[in-house]
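Participant: After the sequence you'll find the predicted model.
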Amino acid sequence: MGCGPCCPGNPRSKKIKIGLQDVGLADLDRIFEEALRLTDCSDHELRALMLERVKARNYVPHGMEAEYADGIWNAFVDFRAQRERTGRN
């Protein structure tokens, strides 16, 4: 019997908007948490780093990198704003 995404050690999937579609990406919250701690990086550097980390854990179709980078960045900006509103850093 296989273990589902709720099992310890398995990455959780989160849906974000990529272009016009919702796409599930594994480990996105963890990637965002790591990005929040990188206070010495520019937004451009964070964006590139998050895309590379997403690509290491998820399939990103060739030629779709810019769309994924945009979607990841938009979701991260929302994630960061929510953390700031709730006082969780």
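Facilitator: Structure received. Numbering: from 1, shown residues only.

Participant: so which strand or helix has residue 85?
Facilitator: helix 65-86 (DSSP states H and E).

Participant: What helices and strands are in contact with that helix?
Facilitator: Under the contact criterion of 3 or more Cβ pairs under 8 Å, 6 or more residues apart in numbering; DSSP states H and E, helix 65-86 touches strand 13-18, helix 28-37, helix 43-57. Quick note: C-beta positions are derived from backbone N, CA and C, even for glycine.

Participant: can you do 10 Å?
Facilitator: Helices and strands touching helix 65-86, by 3 or more Cβ pairs under 10 Å, 6 or more residues apart in numbering; DSSP states H and E, are strand 13-18, strand 21-26, helix 28-37, helix 43-57.

Participant: Need those in a markdown table (columns: mean pLDDT, distance to residue 76 and mean neighbour count).
Facilitator: Below are the helices and strands packed on helix 65-86 laid out as a markdown table (pLDDT from 0 to 100; distance: least, Cβ to Cβ, whole Å; neighbours: other Cβ atoms under 10 Å):
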| stretch | mean pLDDT | distance to residue 76 | mean neighbour count |
| --- | --- | --- | --- |
| strand 13-18 | 95 | 9 | 16 |
| strand 21-26 | 97 | 12 | 15 |
| helix 28-37 | 96 | 5 | 17 |
| helix 43-57 | 97 | 6 | 15 |
